[in-house]
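Chemist: let's see this in three dimensions:
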Amino acid sequence: MITVALIGNPNVGKTELFNRLTGLKQHVGNWPGVTVEKKVGKCQYKGEELEIVDLPGTYSLTARAMDELIARNYIVEDKPDVVVDIVDGTNLERNLYLTLLLLELEANVVVALNQWDMVNERGIEIDVDKLSSLLGVPVVPTVATTGEGLEALKEAILTAARNKDRRRKIVIGYGDDLEALIKRVRDVIAKDTGLARKYPPRWLAIKALEHDEEVLKRLQDSPYWDEIRGVIPNK
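Modeler: Just a heads-up that it's a prediction; the model follows:
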């Protein structure tokens, strides 16, 4: 079975896309320990069963809100085979912020470029192939309300799942000074091989430098915590 997480900003058509993919083969519960709704469904494609998990709508993955924390923890801890990032094609710049955060998490991303009908109606020009090349991930135009692009999206999900170990990884640069600091923190974190197998060391380093409380709690359990703490500047 291939696990697929759907994520996106609020009001980008994520619920409609989830319903299109799963039909009536879905159930609703809560995420463990909280009252936030959890929807999971299934669909079949080319002999493969896809389990679709609908993550809470979120603008970010900073874990300052419960929805953000749930989405981030699921991607980091459960490691779905594919993360489908639903992006509003009429508001590309704002929506791609979440895409870049997912790439930083080293998630296996497929972008569903939704509301493609509105993109065309408004005369917005998006070079889909160029966008895909820049992000290093498949980009599939979709219209969730009509199901347009759904088969192409399933094909992209299947291909991404089968090639997840050979995918191209994009590194988002932060300038020479900050990159040197990220590397110092990353190199110390990478000494803890158990931690480095579980989480992307570069992502942990960036979050540690942001003083992300959830990440710092994880790092405190490392035998290298004192050394890690020693290279993280104070706020």
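
Chemist: next up, the contacts around the residue nearest the centre of the chain.
Modeler: For the chain, L102 is the residue whose C-alpha lies nearest the centre (Cα atoms, centre = their mean; 3.6 Å). Neighbouring residues of L102 by Cβ atoms under 8 Å, 6 or more residues apart in numbering: 7, 61, 75, 83, 85, 109. Glycine gets a C-beta too; all of them are placed from N, C-alpha and C.

Chemist: 6 Å instead, please
Modeler: In this structure, L102 makes contact with 83, 85, 109, judged by Cβ atoms under 6 Å, 6 or more residues apart in numbering.

Chemist: make a markdown table from the residues you listed and add pLDDT, neighbour count and distance to L158 to it.
Modeler: Converted to a markdown table, the contacts of L102 look like this (pLDDT from 0 to 100; neighbours: other Cβ atoms under 10 Å; distance: Cβ to Cβ, whole Å):
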| residue | pLDDT | neighbour count | distance to L158 |
| --- | --- | --- | --- |
| V83 | 98 | 28 | 14 |
| D85 | 98 | 28 | 17 |
| V109 | 97 | 24 | 15 |
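
Chemist: quick one: which of those sit in strands?
Modeler: 83, 85, 109 (DSSP state E).

Chemist: might one say that the first one is in contact with A5?
Modeler: This means V83. Yes. Taking contacts as Cβ atoms under 6 Å, V83 lies within contact range of A5: 4.8 Å.

Chemist: so which bits of the helix or strand bottoming out on mean pLDDT in the chain are buried?
Modeler: Here the helix or strand of the chain ranked lowest by mean pLDDT, DSSP states H and E is strand 26-30, holding a mean of 86. Buried residues in strand 26-30, counted by 16 or more other Cβ atoms under 10 Å: Q26.
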